[in-house]
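Enquirer: I'd like to go over a predicted model; first the sequence, then the structure.
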Amino acid sequence: MSNLKVAWTYDFRPETPTPPATAATVENEGAGRRPPRARSSQTTPLVVGNVMYLGTPYGRVHAFNATTGAVIWETDLGAASGRRGLAYWPGNEKHPPRILIGTGNGLLLALDAKSGKPVESFGEKGRVNLRIGVADNFPRGRYGMSSPPAVYQNLVFTGAQLQEEPATGPGGAIRAWDAITGKLVWTFHTIPQPGEANHETWTGDEWVDRSGANVWGFMSVDPERGMLFAPIGTPTPDFYGATRKGLNLYGSSLLALDARTGSLRWYFQTTHHDNWDYDLCAAPVLLTIRHGNREIPAVAQWTKQGLLFFFNRLTGEPIYGVEERKVPSDNPIPGDENWPTQPFPLKPPPLARMSFQPDEIATVTSEHKAFCKELLNLEGGALMGGPYAQHGSRLRVVFPSWVGGGNWSTASYNPQLGYIYVTLQNLGNLDKVIPKPNGEGYSRVGSELAPPNTEGYFWDGKKQWPCQKPPWAEIVAVNAHTGAVAWRSPLGSFEELDKMGIPKTGIPEHRGGSIVTAGGVVFIGATNDAKFRAYDAKTGKELWSTSLSDSAKALPISFRGNDGNQYVAIVANGGSVRGPENPGGRLYVFRLP
């Protein structure tokens, strides 16, 4: 790993474009310039052949020579592009390859992969207005794409990023579009309409114009079986369920659809009547599990609760079993009806913290311990949080928080070892719900008495130190063939705690997932210490780390260049509050000899 060196970088701020930098000039790049206002990005580059494509938060798409960094083309989209990446359609005999990307204002764009120019024959001069048909009644409602579309044969699949309140607004339907013409092929309503399966699970007219239940994360495609796997978010509003009684299908569910027709193959709801914003958003991972004497085509789904589910990809049957367990029903939101049970996989056990008791308070320093005790004693003392503890009118500690546990940080899989790798943060909420001034529902808030920067979390937000004992963030390997935890390691560290000789704690409030290479190395950024790390895939030992210009809250990629070398690339543009001065966005490409 000591041979892993910077091959080239690219600063993608449009205000001050720079040429690719070699390893020798990285440290001095940008010296003396006044940095523009930074925009956060979680984007992942895409490499096809020896061309790297990159979408940026500044509304531009770049194509580079993947090994040298030479710019091939650059296109201004005229709108903010999807935050997490783009997709590639390989073309056919009549139509050349295309780059497909969604925008924050609800457009699906097609660019010629060779030139970067809009494909005039796609939709209206290279763009499809995704708002039509799902946001017609809400012209000012939020509707856009935050993650890349998925592609199968000549179909392009889109989800959406929507509002989190109020209850009504643009819909979260999954749709398929013709990759050649941009015409709509099929629609799947994630809030079942009259005459559709499971519509009866909605009470009265509570389904009408219901927003949410959207795919704002990543979808996965099984090209051999023609199946689309879609992780669905929470129906609106996120923390108040009195206007959406019942299970709320297909909210917070994994859907398996026929990719060609959009018909439902199966579904599994990971959170019933979700009042915690426990969206599914991580990409479903397709793998083959050896269980007993059988090889099972499987799909694994990582959740904000820190639960990892394994399903038979064809039937939706849980491979290691799932148990419906009773969960707390005390202190309900007025008018709401809690669901009495929630599903827990029998294997693996919960990987993230799901509860807290006062004797588990953090003791990393005496000052921090005192700070956390003060938080617990606000407003007469907080209630403790167990799995799925309900937010109510009194402050309560709830684990995991609404950001996880897991998040969109997609898992990676090593078929040689049979290990699946997930990243998690052990971060809890310390909040309550209060009536809205207009009388229409409730809002989740922290305490007015809490110190600044706590943001409704159970932590010291200024330092980003949680109030329970470490570890505060981890990378975990699970043996998919047995459901057992293979290893776990803290992810990230605080320099000030390192200097005090305190064992590595991990850094919470991270985003970004891992990749694993055939050489047995797991690469990950994700942490707010602006580090990029490599772990031994079998043991979890940290092998290597390097400092980036900012936190890399994105997924890395690895590819083999046309020069025969292996490369690893990641975008550092996470808006870190702990890292070096934020330069506004930089792509790093590392090379192994």
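Expert: It's in.
Enquirer: So what's the gap between the helix or strand bottoming out on mean pLDDT in the chain and the chain middle?
Expert: Least confident helix or strand, the chain: strand 442-445 with a mean of 90, by mean pLDDT, DSSP states H and E. Once both centres are worked out by C-alpha atoms, centre = their mean, to the nearest Å, strand 442-445 turns out to sit 23 Å from its chain's centre.
Enquirer: List the neighbouring strands of the next helix or strand after that strand plus their orientation.
Expert: Using DSSP states H and E, the next helix or strand after strand 442-445 towards the C-terminus is strand 459-460. According to DSSP bridges, strand 459-460 forms sheet pairs with strand 465-466 (antiparallel).
Enquirer: Touching the partner strand from outside, list them.
Expert: Counting contacts by C-beta atoms under 8 Å, 6 or more residues apart in numbering, the residues outside strand 465-466 that touch it are 362, 364, 368, 426-428, 457-459, 472, 494, 505, 508. The way it works is simple: take the backbone N, C-alpha and C, and place the C-beta from them, glycine included.
Enquirer: quick check: longest strand of the protein.
Expert: In the chain, taking DSSP state E as the definition, the longest strand is strand 294-302.
Enquirer: average pLDDT for that strand?
Expert: For strand 294-302, mean pLDDT is 97.
Enquirer: can you pull the buried residues of the helix or strand following it?
Expert: Counting by DSSP H and E, the next helix or strand C-terminal to strand 294-302 is strand 308-312. Under the neighbour-count criterion of 16 or more other C-beta atoms under 10 Å, strand 308-312 has L308, F309, F310, F311, N312 buried.
Enquirer: Just want the angle from whichever helix or strand comes after strand 308-312 to strand 308-312.
Expert: Sequence order places strand 322-326 as the next helix or strand after strand 308-312, per DSSP H and E. On the basis of axes from the mean of the first three to the mean of the last three C-alpha atoms, to 10 degrees, strand 322-326 is oriented at 130 degrees to strand 308-312.
Enquirer: Need the residues that contact strand 322-326.
Expert: With contact meaning C-beta under 8 Å, 6+ apart, strand 322-326 is reached by F309, P340, T341, Q342, P343, F344, P345, L346, P387.
Enquirer: Just grab the bridge partners of the residue nearest to the fifth one when sequence neighbours are not counted for me.
Expert: Distances taken as C-beta to C-beta, 6 or more residues apart in numbering place V322 nearest to P343, at 4.9 Å, with adjacent residues excluded. Per DSSP bridges, the residues bridged to V322 are P345.
Enquirer: Now do V322 against T341, distance only.
Expert: Distance, V322 to T341, by C-beta to C-beta, to the nearest Å: 11 Å.
Enquirer: Tell me which of those two has more neighbours.
Expert: Regarding V322 and T341, a neighbour count based on other C-beta atoms under 10 Å identifies V322 as having more, with 19 against 13.
Enquirer: pLDDT below threshold where in this structure?
Expert: For the chain, the stretches with pLDDT under 70 are 14-39, 82, 331, 510, 575-584.
Enquirer: and the residue positioned nearest the centre of it, helix, strand or coil?
Expert: The chain has W408 as the residue nearest its centroid, 1.4 Å off, counting by C-alpha atoms, centre = their mean. Following DSSP: H, G, I helix; E, B strand; the rest coil, W408 is assigned to coil.
Enquirer: Just to check, it is in contact with C281?
Expert: Yes. Contact criterion C-beta atoms under 8 Å: W408 and C281 qualify, at 4.3 Å.
Enquirer: joint contacts of these two?
Expert: Shared contacts of W408 and C281 (C-beta under 8 Å, 6+ apart): W216, G217, F218.
Enquirer: of these, buried ones?
Expert: Taking 16+ other C-beta under 10 Å as the criterion, what is buried in the shared contacts of W408 and C281 is W216, G217, F218.
Enquirer: Mind putting those residues into a markdown table with secondary structure?
Expert: Compiled in a markdown table, the buried ones among the shared contacts of W408 and C281 are given as follows (three-state DSSP):
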| residue | secondary structure |
| --- | --- |
| W216 | coil |
| G217 | coil |
| F218 | coil |
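Enquirer: Show the residue spans covered by the helices in the stretch 451-593 of the chain.
Expert: For the stretch 451-593 of the chain, applying DSSP state H, counting those that start in this stretch gives helices covering 495-499.
Enquirer: hmm, back to that, please identify the pairing partners of the least confident helix or strand of the chain and their relative orientation?
Expert: The strands that strand 442-445 pairs with in its sheet are strand 429-435 (antiparallel) (by DSSP bridges).
Enquirer: bridging residues for R175?
Expert: With DSSP bridges applied, R175 shows beta-bridge pairing to T158, T187.
Enquirer: Was I right to think it contacts L184?
Expert: Yes. The pair R175 / L184 is scored as a contact, 6.3 Å apart, by C-beta under 8 Å.
Enquirer: quick one, which of those two is more surrounded?
Expert: Taking neighbours as other C-beta under 10 Å, R175 and L184 compare with R175 leading, 23 against 14.
Enquirer: Okay, that one and A87: tell me how far apart.
Expert: Separation of R175 from A87 (C-beta to C-beta): 14 Å.
Enquirer: same question, G335
Expert: Counting by C-beta to C-beta, the gap from G335 to A87 is 42 Å.
Enquirer: Compare the two and say which one has the larger neighbour count.
Expert: The residue with more neighbours, out of G335 and A87, is A87; 22 against 12, by other C-beta under 10 Å.
Enquirer: list the contacts for that one?
Expert: By C-beta under 8 Å, 6+ apart, the residues touching A87 are L46, I99, L100, I101, P148, P149, A150, V151, V156.
Enquirer: switch to 10 Å and redo it
Expert: If you count contacts by C-beta atoms under 10 Å, 6 or more residues apart in numbering, A87 has them with 46, 53, 98-102, 108, 147-151, 156-158, 179.
Enquirer: what pairs with D536 across the strands?
Expert: Under the criterion used (DSSP bridges), D536 bridges to V521.
Enquirer: For T75, what are phi and psi?
Expert: When quoted as degrees, to the nearest 10, the phi and psi of T75 stand at phi -130, psi 130.
Enquirer: That one reaches G59, doesn't it?
Expert: Yes. With contacts counted by C-beta atoms under 10 Å, T75 reaches G59, the gap being 9.4 Å.
Enquirer: if we can go back for a sec, chain center to the longest strand of the chain: distance?
Expert: In terms of C-alpha atoms, centre = their mean, the centre of strand 294-302 is found 20 Å from the chain centre.
Enquirer: strands paired with it, and their directions?
Expert: Strand pairing for strand 294-302, using DSSP bridges, gives strand 285-291 (antiparallel), strand 308-312 (antiparallel).
Enquirer: Tabulate those strands (a markdown table), appending distance to H391.
Expert: Listed next are the strands paired with strand 294-302 as a markdown table, based on distance: least, C-beta to C-beta, whole Å:
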| stretch | distance to H391 |
| --- | --- |
| strand 285-291 | 30 |
| strand 308-312 | 24 |
